[in-house]
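only geometry, no sequence info:
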C-alpha cells in the first residue's frame, strides 16, 4: 500500500465474538443483523455480531469496537491491513481483523479504543 492515508469509520455499538461447535447450525436470527461475520472451520464455528444479540450459554468474548476501512479495494491492492494494524501493534494494541470481498474491519477492545482512535487518526483519516 502506498503512503496514502486510508479513511476509517468507527461503527456504533459493542460487538462480541462467540464460539459454537463446528457441527452446530448457523443461528437463523443472524440474518436480521447489519454486521455479522461467520467463520466455520474444521475446528469451530466462530461468529462476530452485536454483543447484545448473543444468547447466553455460549463461549463469548465481549466489548469489541469495529473500525471499517472505507473501501472498496480490489484484491490487487496490497498492504491495506498492514497500514492500519502496524501502528496499533507498535503501540501494543491487540486487534482482530475481518476481511471481506470489498474491505477490511478492524476490531479493538474497549480498553484500547481511545488510544486506537488517536493512533488511527494520526496515520489515517478517522470519520
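Cool, the structure landed. Nothing here was measured: the structure is a model prediction, and the numbers come from that model.

can you pull the buried residues of the strand ranked longest in the chain?
The single longest strand within the chain, with elements called by DSSP state E, is strand 59-69. Within strand 59-69, the residues that count as buried by 16 or more other C-beta atoms under 10 Å are 64, 65, 66, 67, 68, 69. No exception for glycine: its C-beta is placed from N, CA and C like everyone else's.

tabulate those (JSON lines), appending distance to residue 28.
Shown next, in JSON lines, are these (distance: C-beta to C-beta, whole Å):
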{"residue": "64", "distance to residue 28": "23"}
{"residue": "65", "distance to residue 28": "26"}
{"residue": "66", "distance to residue 28": "23"}
{"residue": "67", "distance to residue 28": "29"}
{"residue": "68", "distance to residue 28": "25"}
{"residue": "69", "distance to residue 28": "29"}
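
now these as CSV including pLDDT?
Compiled in CSV, those are given as follows (pLDDT from 0 to 100):
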residue, pLDDT
64, 98
65, 98
66, 98
67, 96
68, 95
69, 92
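
list just the nearest of those residues to residue 108.
The shortest approach to residue 108 among those belongs to residue 65, at 5.7 Å (C-beta to C-beta).

which residue packs closest to that closest one, ignoring adjacent ones?
Closest residue to residue 65 in three dimensions, ignoring its sequence neighbours and counting by C-beta to C-beta, 6 or more residues apart in numbering: residue 113, at 5.1 Å.
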